[in-house]
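Visitor: coordinates only, no sequence provided:
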């Protein structure tokens, strides 16, 4: 893979294409290894983008009056992001 700079969306789309190609089962071993290596790099890139976005979201959590909500050390409070689908699963688990 050349040292191109991909956006998250571009990297994810390229990763999907690689996975489709690998799932076809028609690649030689050398081609499959090449695609695997490129896919691994793209997974790392996507992970970095997502981690960075999560950190930004965590530090931008504000209280109702619009001020940054600070902890006891005067640092921005952080909360882990829980996707809505995960919240539904957690609520269903509590009911059982």
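Guide: Good, I have the coordinates. From a predicted model like this one, the values you see are computed outputs, not experimental measurements.
Visitor: when you work out contacts or count neighbours from here on, use the C-alpha atoms and nothing else.
Guide: OK.
Visitor: check contacts around residue 46.
Guide: For residue 46, the contacting residues are 8, 11, 12, by CA atoms under 8 Å, 6 or more residues apart in numbering.
Visitor: I'd like to know how far the closest residue to the first one other than its chain neighbours sits from residue 68.
Guide: The spatial neighbour of residue 8 that comes closest, neighbours along the chain excluded (CA to CA, 6 or more residues apart in numbering), is residue 46 at 5.8 Å. Residue 46 is 28 Å from residue 68, where distance means CA to CA, to the nearest Å.
Visitor: which stretches of this protein form helices?
Guide: Secondary structure of the chain by DSSP state H: the helices cover 8-24, 29-59, 84-95.
Visitor: compare the ones you listed and give me the one nearest residue 74.
Guide: helix 29-59 (12.1 Å; CA to CA).
Visitor: specify the angle between the closest one and helix 8-24 in degrees.
Guide: 150 degrees (axes from the mean of the first three to the mean of the last three CA atoms, to 10 degrees).
Visitor: so for helix 29-59, what gets flagged as buried?
Guide: Buried residues in helix 29-59, counted by 16 or more other CA atoms under 10 Å: 32, 35, 36, 38, 39, 42, 45, 46, 54, 58, 59.
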